[in-house]
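>>> Dropping a prediction and its sequence here:
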Amino acid sequence: MKKLILSISLIIININLELYSFNNNFYNENKEGYFYYKDELIEEEKDKNKKIIKNDISITVSEYSKNEEMMKMSFEDDKERELRKKREDNFMVNIPFHKLDEMSTEEIKRLLDITRNISTGRPNKEFVKKYAAVQKFWVDKSENFAKSWSVANLENPDELLYNDIGWTSRDRVNLKKKKVKEDKKFFEKIKSRAGYIVIIEDKSDTGLMQDTKLLYEKVKNETGLDYLIYDYYEVSEKLKRQLKIKLETLPENILLYVNNKNKKIYKRVVQGFSASTKIVNNTKFIFENAILEKDKNPEDRIKKGKK
């Protein structure tokens, strides 16, 4: 009986030892030695960390590859450099200055680009002189075109689509005079039916009020249009609805036009502070382009074929 009990005890002990060694890989992994440590509880976490590290490395390698690719630059070796210089020398020596007049516009533009690039990269006296000669030829061509246009404009102005384009300082002065005359005629025509509404933040601000009055007195001298200045808090809800704009940035500069049907039309001219010239120019532009022709008096409408 004692032997049986002893045998059973040994078997139980042996089983326990095997289970223990199986769970801890301590006795089975004899090649790894007695002091070998392996933490099996966080094996999954280690795998995750490996994946993260791998991803980080791949990102770094990817970024490095991009930078490396961007930084790659092909440089000439000595033989290639000498060959290029010979080609450039040959090109600059053989520029056909005697045939520039026969070249097409594209050829001249290409010649101008190449001589500029060569003379910029190798700025010796001869190359720069040749580039300057090509450039002068191009400028002369442009001037001849401008002169031909002016002559054509003088001889047959009706045949040119844009006969009011001026090329000389006298042309520009005449064009300005013409515009002033047209503007005067325009404002003279609408002044009895149009004016300005100006909304400022605070009329009690004497400096702001004075500046606004000075500005619109100047506008009145140029256009003949009268004006009314409102404090923001004086603007009724009804007028706000009629204006159809949000009064957020002050001052607001608004054109009021009343047609022969007594319909009031409000159009913003400028938002915020502005110069008198901008107010005047914008007024004409807004009247011609933002107000429907059917809402204008017959005499104020733009005639067909004119703008």
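Received it, and whenever you're ready, just let me know what you need. Residues are numbered from 1 along each chain as shown.
>>> for the chain, which helix is longest?
helix 125-155 (DSSP state H).
>>> Pass me the low-pLDDT residue ranges in this protein, would you?
For the chain, applying pLDDT under 70 flags the ranges 1-73, 151-169, 171, 303-307.
>>> Helices of that one, start to end?
Using DSSP H, helices in the chain cover 2-24, 43-71, 78-93, 105-121, 125-155, 169-190, 206-223, 237-243, 276-289.
>>> circling back: for the longest helix of the chain, list every residue counted as buried.
127, 128, 130, 131, 134, 137, 138, 153 (16 or more other CB atoms under 10 Å). C-betas here are computed from N, CA, C, even on glycine.
>>> Between those residues, which sits nearest residue 176?
residue 153 (16.9 Å; CB to CB).
>>> quick check: domain ranges of the chain?
25-70, 85-167, 186-300 (automatic domain parsing).
>>> Most tightly packed of these?
domain 186-300 (a mean of 15; mean count of other CB atoms under 10 Å).
>>> ok so, going back, out of the buried residues of helix 125-155, give me the two with the largest separation.
127 and 153 (39.6 Å).
>>> do you know which of the domains of the chain lies nearest residue 77?
domain 85-167 (13.0 Å).
>>> Touching, residue 249 and residue 272? I think so.
Yes: between residue 249 and residue 272 there is a contact under CB atoms under 8 Å: 5.2 Å.
>>> Quick check: closest non-adjacent residue to residue 203.
Nearest non-adjacent residue to residue 203, counting by CB to CB, 6 or more residues apart in numbering: residue 231, 4.2 Å away.
>>> related to what we said a few turns ago, please work out the angle formed by the directions of the longest helix of the chain and helix 78-93.
40 degrees (axes from the mean of the first three to the mean of the last three CA atoms, to 10 degrees).
>>> Who are the packing partners of helix 125-155?
helix 78-93, helix 105-121 (3 or more CB pairs under 8 Å, 6 or more residues apart in numbering; DSSP states H and E).
>>> which other helices and strands contact the first one?
The one in question is helix 78-93. Going by 3+ CB pairs under 8 Å, 6+ apart, helix 78-93 lies up against helix 105-121, helix 125-155.
>>> Columns distance to residue 96 on top of those helices, output as CSV?
Below are the helices and strands packed on helix 78-93 laid out as CSV (distance: least, CB to CB, whole Å):
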stretch, distance to residue 96
helix 105-121, 9
helix 125-155, 11
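>>> ok, residue 240 touching residue 248?
No: using CB under 8 Å, residue 240 is not in contact with residue 248; the gap is 11.9 Å.
>>> Correct me if wrong: residue 198 contacts residue 219.
No: the pair residue 198 / residue 219 is not scored as a contact, 9.7 Å apart, by CB under 8 Å.
>>> Find residues that contact each of these two.
residue 227 (CB atoms under 8 Å, 6 or more residues apart in numbering).
>>> distance of residue 235 from residue 109?
Remark: distance between residue 235 and residue 109 (CB to CB, to the nearest Å) = 58 Å.
>>> again, but for residue 139
13 Å.
>>> Same check on residue 80?
27 Å.
>>> same check, this time on residue 88
For residue 88, the distance to residue 109 - CB to CB - is 19 Å.
>>> next one: residue 221
Counting by CB to CB, the gap from residue 221 to residue 109 is 50 Å.
>>> and if you look at residue 250?
In terms of CB to CB, residue 250 sits 51 Å off from residue 109.
>>> Of the helices and strands packed on helix 125-155, give the one that comes closest to residue 279.
helix 105-121 (43.2 Å).
>>> Now do that closest one against helix 78-93, angle only.
Going by the same axes, to 10 degrees, helix 105-121 makes 130 degrees with helix 78-93.
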